[in-house]
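Visitor: sequence plus the predicted model coming up.
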Amino acid sequence: MYDAIYPGQTWLDTEGKRIHAHGGSVMYLDGVYYWYGENKEKTTGKDDIWHWGVRCYTSTDLYNWEDKGLIIPPEPDNPESSLHPSSMMDRPHIIYNKMTKKFVCWLKIMNKDGTQTETVMTADSILGPYTKVREGLRPLNMSAGDFDLVVAPDGKAYYYFERVHSETICADLTPDYTDVTGYYSTHFPHIAPPYVREATAHFYRKGKHYLVTSGTTGYLPNPSEIAIADTWHGPYTVLGNPHPDDKSHTSYHSQISSVFKVEGKKDLYIAVADRWVPGHMDWEYEKYKKVFEKNFMPDFEGEVDVSDYEMDSAINTSLADYVWLPFRFDGEMGYLDWKDSWRIEDYE
């Protein structure tokens with residue numbers, strides 16, 4: 001039994017097994033927290049397995065998590081499926097539609113031709129079973145990368161995503177949440193990685209919309225960025241890096257996937273993050289970011305020894321860990337201070 005959260009340490013479920021809810025999010029329903037994400041238990045780098053479905057865990061204290069199994073299983077018998085284990089499926093996000101009474105899940109798919117599309121599924125329960133309603137969706141006819149889904153109090157929903165290697169998009173969802181309407185806004189334009197923003201995580205606090213993003217350096221971590229706005233579509237003002245005490249400029253060697261508010265707490269927001277490659281924590285961001293500049297920036301000049309900072313193609317993300325930290329707010333700005341351990345009970 002856990003009685004605290006231990007960022008960066010291996011987190012086990014109530015059966016003593018590694019938790020596999022990567023690129024994950026947390027939803028609160030009827031007194032229970034649901035933590036779901038990519039199941040990487042078989043992604044050892046030794047086989048052509050990118051994922052083994054979407055797994056979900058439940059908890060009432062945010063410390064101890066019970067494995068509820070695969071809510072979206074892989075489809076190993078269908079090589080053409082976006083849910084085949086070799087398909088590069090990432091970052092499931094689930095929202096609830098009060099009008100249709102359906103849970104709607106979007107999945108990012110990185111296709112072998114370099115494009116990125118979405119698979120959309122619906123279910124009557126958060127634990128499934130889920131049924132595909134769209135596959136190969138190109139929202140706004142764009143290649144769509146990392147994203148977040150958010151529902152407003154009035155039931156309208158929004159889709160924040162990385163237009164791959166370009167900018168961040170906020171798009172209105174259709175009333176059933178399974179597609180975009182065509183109305184959208186653009187934010188944070190950059191010419192190329194590593195500066196393009198991805199892994200967008202939205203949260204709302206005291207009348208402000210917050211977007212937390214990372215740069216684009218693959219599984220290697222980089223400095224996060226936090227921005228705020230008065231409306232869903234902005235304009236967003238960048239406030240800076242929420243990890244000011246991180247000397248490594250790697251967001252404590254992690255990438256934030258979502259942010260959620262703890263029920264019953266006055267002002268406790270938790271950043272949910274993955275430490276994808278714990279074995280490369282000695283790599284220096286200022287050096288490997290130059291590899292991405294060389295590969296993507298058209299006006300890059302200089303020499304870089306790419307071989308020193310290229311990721312092994314056989315990445316073992318089955319050993320990825322989690323970094324959950326509470327936000328500390330100073331006015332509008334939110335900060336994430338490193339803590340070896342921390343407790344929910346210590347917050348109002």
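Guide: That came through, no problem. These figures come from a predicted structure and were not determined experimentally.
Visitor: against residue 136, how distant is the nearest residue to residue 124 once chain neighbours are set aside?
Guide: Of all residues not flanking residue 124 in the chain, residue 102 sits nearest, at 6.8 Å (CB to CB, 6 or more residues apart in numbering). Quick note: C-beta positions are derived from backbone N, CA and C, even for glycine. According to CB to CB, to the nearest Å, residue 102 and residue 136 sit 21 Å apart.
Visitor: the two: who's more crowded?
Guide: Of the pair residue 102 and residue 136, residue 102 is the one with more neighbours under other CB atoms under 10 Å, namely 21 against 11.
Visitor: quick check: bridge partners of the residue nearest to residue 124?
Guide: residue 97 (DSSP bridges).
Visitor: per-residue confidence at it?
Guide: At residue 102, the pLDDT value in this model is 98.
Visitor: check contacts around it.
Guide: Residues in contact with residue 102 (CB atoms under 8 Å, 6 or more residues apart in numbering) are 96, 122-124, 176-177.
Visitor: what do you get if the cut-off is 7 Å, keeping everything else the same?
Guide: Counting by CB atoms under 7 Å, 6 or more residues apart in numbering, residue 102 makes contact with 122-124.
Visitor: helices of this structure, start to end?
Guide: Taking DSSP state H to define them, one finds helices in the chain at 285-296.
Visitor: now residue 185: how far from residue 163?
Guide: In terms of CB to CB, residue 185 sits 12 Å off from residue 163.
Visitor: okay, those two: which has more neighbours?
Guide: residue 163 (20 against 17).
Visitor: partner residues bridging that one?
Guide: residue 144, residue 167.
Visitor: where does it land on pLDDT?
Guide: 97.
Visitor: dump the residue contacts of it.
Guide: Taking CB under 7 Å, 6+ apart, one finds 142-144, 169 in contact with residue 163.
Visitor: cool, residue 6 as well?
Guide: Counted by CB under 7 Å, 6+ apart, residue 6 has contacts 340-341.
Visitor: now with 6 Å, please.
Guide: Residues in contact with residue 6 (CB atoms under 6 Å, 6 or more residues apart in numbering) are residue 341.
Visitor: and the helix-or-strand element of the chain with minimal mean pLDDT, which residues are buried?
Guide: Counting by mean pLDDT, DSSP states H and E, the chain has its least confident helix or strand at helix 285-296, which shows a mean of 91. Going by neighbour count (16 or more other CB atoms under 10 Å), the buried part of helix 285-296 is 285, 288-293, 296.
Visitor: what's the most distant pair in the residues you listed?
Guide: 285 and 296 (15.9 Å; CB to CB).
Visitor: what's the closest non-adjacent residue to the spatially most central residue of the chain?
Guide: Centroid-nearest residue in the chain: residue 257, 2.5 Å away (criterion: CA atoms, centre = their mean). Leaving aside its sequence neighbours, residue 257 sits nearest to residue 23 (CB to CB, 6+ apart; 4.9 Å).
Visitor: that neighbour - how many residues pack around it?
Guide: Counted with other CB under 10 Å, residue 23 comes out at 26.
Visitor: my guess is it contacts residue 39. True?
Guide: No. With contact defined as CB atoms under 6 Å, residue 23 does not reach residue 39; the gap is 10.6 Å.
Visitor: show me where pLDDT drops low in the stretch 151-300 of the chain?
Guide: Under the criterion pLDDT under 70, no range of the stretch 151-300 of the chain is flagged.
Visitor: which residue ranges of it form strands?
Guide: 157-163, 167-173, 180-187, 198-205, 208-214, 225-229, 237-240, 255-261, 269-275 (DSSP state E, counting those that start in this stretch).
Visitor: tilt between the third one and strand 157-163?
Guide: In terms of direction (axes from the mean of the first three to the mean of the last three CA atoms, to 10 degrees), strand 180-187 departs from strand 157-163 by 60 degrees.
Visitor: got the angle between strand 180-187 and strand 225-229?
Guide: Comparing the axes of strand 180-187 and strand 225-229 via the same axes, to 10 degrees yields an angle of 110 degrees.
Visitor: go on, the first one?
Guide: Here strand 157-163 points in a direction 140 degrees away from that of strand 225-229 (the same axes, to 10 degrees).
Visitor: pull the number of nearby residues for the residue lying closest to residue 125 once chain neighbours are set aside.
Guide: Of all residues not flanking residue 125 in the chain, residue 103 sits nearest, at 6.8 Å (CB to CB, 6+ apart). The tally of other residues near residue 103 (other CB under 10 Å) stands at 22.
Visitor: OK, contacts around residue 103?
Guide: Residue 103 neighbours (CB under 6 Å, 6+ apart): 94, 96, 123, 126.
Visitor: and with 8 Å instead?
Guide: By CB under 8 Å, 6+ apart, residue 103 lies in contact with 94-97, 122-126, 130.
Visitor: residue 123 now?
Guide: So residue 123 contacts 71, 102-103, 105, 129-131 (CB under 8 Å, 6+ apart).
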